[in-house]
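> Using only what follows, build the 3D model:
(2 chains)
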Number of protein chains: 2
Amino acid sequence: MNIRELGEFGFINMLRKMCKKKEGILGIGDDCAIIKGEKKDFLLTTDLLAEDVHFIKSLNPPHKLGRKCMAVNISDIAAMGGVPLYALVSMGIPKNIEQDYLEGVVKGIVEEAEKFSIHIIGGDTSCFEKLMISITIVGEIEKGKAILRSGAKAGDRVYVTGCIGGSYVGLVLLKRGIDDRIVDKHLTPEPRIDIGRRLIGVATSMIDISDGIIADALHICEESETGMHVCIEKIPLCTEPERWGLKRVELLTGGEDYELLFTAPPSEDKYISSISSSVGVPITMIGEVTEKSIEFSEEGQRLDITCKGYNHFRE
Amino acid sequence: MNIRELGEFGFINMLRKMCKKKEGILGIGDDCAIIKGEKKDFLLTTDLLAEDVHFIKSLNPPHKLGRKCMAVNISDIAAMGGVPLYALVSMGIPKNIEQDYLEGVVKGIVEEAEKFSIHIIGGDTSCFEKLMISITIVGEIEKGKAILRSGAKAGDRVYVTGCIGGSYVGLVLLKRGIDDRIVDKHLTPEPRIDIGRRLIGVATSMIDISDGIIADALHICEESETGMHVCIEKIPLCTEPERWGLKRVELLTGGEDYELLFTAPPSEDKYISSISSSVGVPITMIGEVTEKSIEFSEEGQRLDITCKGYNHFRE
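Alright, predicted model coming up:
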């Protein structure tokens, strides 16, 4: 079996099995790792973006690419309810890269960090075949308050912030050479730190949508050992797929939305509406947590979802 | 100007200039970044190893490669006097990699981590052209006690642990297909955590030798704003260069020794000898810190050192 058959999640499971568990530490398997501190807990997360895997250089303006590299990491801190504090930035740089492009990427990284008051405190560089940016962020959260993927309970409602599929459609339009505002959903996602912070003590589980809303809903079910019933028609899409000759399922599995998917008891519904109003971002109820079965239905018809998300190692 | 002309240090300086400084944080420019905690300080470091830049797959057995990837990061914690605690492991993996090789690398990473009681708490993976391993380590150190590059003072003595040039010779022999024990100096360097710990409150500055002893001595001078006089003939070499048809200067600029280079006042000389005896690793005095001029001499003759170290972006 090679890595293509093993897949990304197979590889992560391999690593997870080899690593011993330790009291007071949440390791591999959530958006961030948690290290228990004395007054606060620390959150750690790392994400790498590679040319021709996560981005195509000719389609991504350097400044926006830099911002995105930082934003996808910040989004992992948002998914735990935390505040980002520090970043380490490592880059693999092709020998023949134009200095303007490189400077643009670095400026974007630095600007997005400053937007969230993150201090870049280190990094590493190496020569590479293709451009690669790997960022590690350290964040903090009130002691014991991190929102895990594993806390969903049957009867909870399922919510999603913003709209879904914009990044996927944006990428399709970029490739088609069509200039539309939705392209920015792909190029510069918005980490939902402010919403994440307000969901502490409210959300029972949370994840940021990087692999596609369906795959990430399944991650919550897996870690919480629950089922889920999601009404597909309730999921707010950023655009009508038919307008661009696309299918709804493509928007639900395309990934890179970096919206928050979370669960909360029905009693929190009013408070969640108030968060939405004060932050100015829609938060939509799309289903509920069940005991066991995982069901995606569209207008009452149960859908058979097979394409669960994006796997880098698949062709 | 492209990245080849800019060079690795030029790039790091570019990032350093763009990042604002903050009270209580040591950022880019030392082996680790320091975050001040309440009872302890945290150390953060990240190093990436890339196929055909830092290693050649056919020459590096996977298990030893995995150990080395972890070891070079641990060495940065050693260079501050710290204790490593947690690691995040990111990998870029070629689609057609043999699963045995990949598993070997991961096992090596996990074993080296366990040897130092480090817990692997997260990571990321992506498909890649070539194999890439990027590790971030979090360590800790007693409050305010981290040993920086910037503390050397005129009159201090300059010391180095172990022997120098073994990694460079090991690589040459590997390429020549010669089987010799020295090859392991290249394949599996030994992080000097135990020595680093004992140098707290003793060493005035410290660095781990990754770019070559000459380049790293210059890093101490630069950060401490001092000079240094190093007697080349006092530097302990792992092997006689002539035996392998090599020149002494190649061993001094080859890099990847991962020994500790540090400075300490003459009054600490006896204590440093006792560390050497108790740990069972030689520690050699090779020169002294001066006010301004940087001088490398051999048998009283001043040497003109131009080849300062390894730059990934040079051909």
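
> how much space between the residue lying closest to A:S293 once chain neighbours are set aside and chain B?
Using C-beta to C-beta, 6 or more residues apart in numbering or on different chains and skipping residues adjacent in sequence, the residue nearest A:S293 is A:G227, 4.5 Å away. For glycine as for every other residue, the C-beta is placed from the backbone atoms N, C-alpha and C. As for A:G227, its distance to chain B is 27 Å (criterion: C-beta to the nearest C-beta, to the nearest Å).

> try A:E98
The spacing between A:E98 and chain B, counted by C-beta to the nearest C-beta, is 7 Å.

> how many neighbours does that residue have?
Residue crowding around A:E98 was assessed by other C-beta atoms under 10 Å in any protein chain shown; the count is 14.

> per-residue pLDDT, it?
According to the predicted model, the pLDDT of A:E98 comes to 90.

> What of A:E140?
Here, the pLDDT recorded for A:E140 equals 96.

> With chain B in mind, check whether whichever strand or helix holds it reaches it.
With the criterion set as DSSP states H and E, the secondary-structure element containing A:E140 is strand A:132-142. Yes. With C-beta under 8 Å from any C-beta of the partner chain as the measure, strand A:132-142 is seen reaching chain B through A:132, A:134, A:136, A:138.

> show me where the stretch 51-200 of chain A has strands.
Counting by DSSP state E, counting those that start in this stretch, residue ranges of the strands within the stretch 51-200 of chain A are A:83-93, A:119-127, A:132-142, A:157-161.

> quick one: the helices in chain A?
Using DSSP state H, the helices assigned to chain A run over residues A:3-18, A:62-78, A:99-115, A:166-176, A:183-187, A:193-198, A:213-224, A:248-253, A:269-279.

> Whichever residue of the stretch 51-200 of chain A sits closest to chain B: neighbouring residues, count only.
Using C-beta to the nearest C-beta, the closest approach of the stretch 51-200 of chain A to chain B is made by A:I121 at 3.6 Å. Counted by other C-beta under 10 Å, the residues lying close to A:I121 total 25.

> So it is in contact with B:A33, correct?
Yes. Counting by C-beta atoms under 8 Å, A:I121 touches B:A33, with 3.6 Å between them.

> Columns distance to B:K292 and mean neighbour count on top of the helices of chain A, output as TSV?
Putting the helices of chain A into TSV (distance: least, C-beta to C-beta, whole Å; neighbours: other C-beta atoms under 10 Å in any protein chain shown) gives the following:
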stretch	distance to B:K292	mean neighbour count
helix A:3-18	50	16
helix A:62-78	39	26
helix A:99-115	33	20
helix A:166-176	55	21
helix A:183-187	50	21
helix A:193-198	48	20
helix A:213-224	59	22
helix A:248-253	64	21
helix A:269-279	57	14
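
> Ok, which of those helices comes nearest B:A264?
Within the helices of chain A, the stretch nearest B:A264 is helix A:99-115; the backing value is 36.9 Å (C-beta to C-beta).

> how much does the closest one deviate in direction from strand A:119-127?
Taking axes from the mean of the first three to the mean of the last three C-alpha atoms, to 10 degrees, one finds that helix A:99-115 is oriented at 150 degrees with respect to strand A:119-127.

> What angle do strand A:132-142 and helix A:99-115 make with each other?
Put simply, helix A:99-115 runs at 0 degrees to strand A:132-142, going by the same axes, to 10 degrees.

> hmm, back to that, which residues touch the residue nearest to A:S293?
When the contact criterion is C-beta atoms under 8 Å, 6 or more residues apart in numbering or on different chains, the partners of A:G227 are A:154, A:221, A:289-295.

> so what's it bridging to?
Listed by DSSP bridges, the beta-bridge partners for A:G227 are A:T290.

> likewise A:I207?
The residues that A:I207 bridges to, once DSSP bridges is applied, are A:L261.

> right, and it touches A:C32 too?
No. In this structure, A:I207 sits apart from A:C32 without contact. The criterion is C-beta under 8 Å, and the distance is 11.0 Å.

> residues bridging contact with those two, i.e. touching both?
Listed contacts common to A:I207 and A:C32 are A:A79; contacts here mean C-beta under 8 Å, 6+ apart.

> didn't A:I286 look like it was pressed against A:V158?
Yes. With contact defined as C-beta under 8 Å, A:I286 reaches A:V158; the gap is 5.4 Å.

> re earlier: now list the buried members of the residues of strand A:132-142 next to chain B.
With neighbours counted using 16 or more other C-beta atoms under 10 Å in any protein chain shown, those contain these buried positions: A:132, A:134, A:136, A:138.

> which residues sit against stretch A:208-215?
Surrounding stretch A:208-215, the residues in contact under the criterion C-beta under 8 Å, 6+ apart are A:31, A:72, A:75-76, A:78-79, A:160, A:164, A:192, A:216, A:219, A:230, A:235, A:252-261, A:296, A:305, A:308-310.
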